[in-house]
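Chemist: sequence-free structure coming up:
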């Protein structure tokens, strides 16, 4: 028994360390996205949004719906930040639009895997991302540009 | 019991290190001061400027190669991530330069050829990075790596299209050798 307790404590700490490490990497990425400018801000913000979306998916899987929905809102905020940075600087517009489309598709897939009761916030977020993308397309091609794969 | 104390102390130290990481955030500049000076000096010579850009990108790519051949370390994924981010910034800067010189009909055919040749090599380097990175490391820069691959492909396409336009303009004798010769 005396041997099991320290080993269990070590395993617990290792698990905690892995979780803290992942959260810390995300926090560092978020801080870098906030501090960056122009195209780099657009890139890093999208990377952080992508990370948070996968985290939201994990939280939904674990049944922590409230936290998952908070993550979805964070994803939206950083998609807006990315699109704003690309629009303002005129850099990475095309790449940002492409990455937003990928993220939107992933979010739609995650939404469809959820219970019906949990879907509305994700579906609303997908619609909002559609608007963000439409804004970027309008910036690139003019006001008549619309996302082709509207659904 | 003593044997368990040391690893726990190490873990606490590592935790403290990872918590300190966000405080080290600062805006990165993809070029050094010396490189910026070289770029300024070459501003009137499009071929020279493109040659410099290609060299700077190759140097970052080589740094990633060196990191990959080094023994694994906890900071390696972050370093590779940052070099990839620099590559994107430099490729964007190269494209901006090409657009600027092209709009003034400045001859950069030599520089464009260099870029097109290097583009295939960079695609190969990035593919190898993706295929040969340990999965736990790749996870930490997969997003930026995918962006870099797309940016390299776009940059190559832009260079090829511009070279085609420049060849047509050269046949019509409508290209300026130096940027300072532009007529606007």
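Modeler: Yep, that arrived. All of these numbers come straight from a predicted model, not from anything done at the bench.
Chemist: make it CA atoms for all contacts and neighbour counts henceforth
Modeler: OK.
Chemist: please work out how many residues are found near residue 82.
Modeler: Chain wasn't specified; assuming chain A. By other C-alpha atoms under 10 Å in any protein chain shown, 31 other residues sit near residue A:82.
Chemist: not quite, go with chain B.
Modeler: 18.
Chemist: from chain A, how far off is it?
Modeler: 11 Å (C-alpha to the nearest C-alpha, to the nearest Å).
Chemist: so which other helices or strands are in contact with the helix or strand harbouring that residue?
Modeler: In the assignment (DSSP states H and E), residue B:82 maps to helix B:76-103. In terms of contacts (3 or more C-alpha pairs under 8 Å, 6 or more residues apart in numbering or on different chains; DSSP states H and E), helix B:76-103 is packed against helix A:38-62, helix B:46-69, helix B:135-171.
Chemist: one more time with 10 Å, if that's ok
Modeler: On a contact count with 3 or more C-alpha pairs under 10 Å, 6 or more residues apart in numbering or on different chains; DSSP states H and E, helix B:76-103 meets helix A:38-62, helix B:46-69, helix B:109-132, helix B:135-171.
Chemist: who wins for proximity to residue A:73 among those helices?
Modeler: Closest to residue A:73 of the helices and strands packed on helix B:76-103 is helix A:38-62 (C-alpha to C-alpha; 9.5 Å).
Chemist: show the contacting residues for residue 54.
Modeler: I'll assume chain A. A:60, A:68, A:71, A:72, A:75, A:106, A:107, A:110 (C-alpha atoms under 10 Å, 6 or more residues apart in numbering or on different chains).
Chemist: my question was about chain B
Modeler: Here residue B:54 is in contact with B:48, B:90, B:91, B:94, B:111, B:112, B:114, B:115, B:116, B:117, B:118, B:119 (C-alpha under 10 Å, 6+ apart).
Chemist: hang on, the earlier thing: any chance of the helices and strands packed on helix B:76-103 in CSV, with mean pLDDT too?
Modeler: Below are the helices and strands packed on helix B:76-103 laid out as CSV (pLDDT from 0 to 100):
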stretch, mean pLDDT
helix A:38-62, 96
helix B:46-69, 96
helix B:109-132, 96
helix B:135-171, 95
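Chemist: tell me which of these lies nearest to residue A:118.
Modeler: helix A:38-62 (9.0 Å).
Chemist: for residue B:116, give its distance to residue B:122.
Modeler: 10 Å (C-alpha to C-alpha, to the nearest Å).
Chemist: out of the contacts of residue B:54, which are buried?
Modeler: Taking 16 or more other C-alpha atoms under 10 Å in any protein chain shown as the criterion, what is buried in the contacts of residue B:54 is B:48, B:90, B:91, B:94, B:111, B:112, B:114, B:115, B:116, B:118, B:119.
Chemist: now for residue B:116 and residue B:122: what residues contact both?
Modeler: Shared contacts of residue B:116 and residue B:122 (C-alpha under 10 Å, 6+ apart): none.
Chemist: how close does the closest residue to residue B:119 other than its chain neighbours sit to residue A:89?
Modeler: For residue B:119, ignoring the flanking residues on the chain, the nearest one in space by C-alpha to C-alpha, 6 or more residues apart in numbering or on different chains is residue B:156 at 5.8 Å. For residue B:156, the distance to residue A:89 (C-alpha to C-alpha) stands at 22 Å.
Chemist: kind regards, and thank you for your time.
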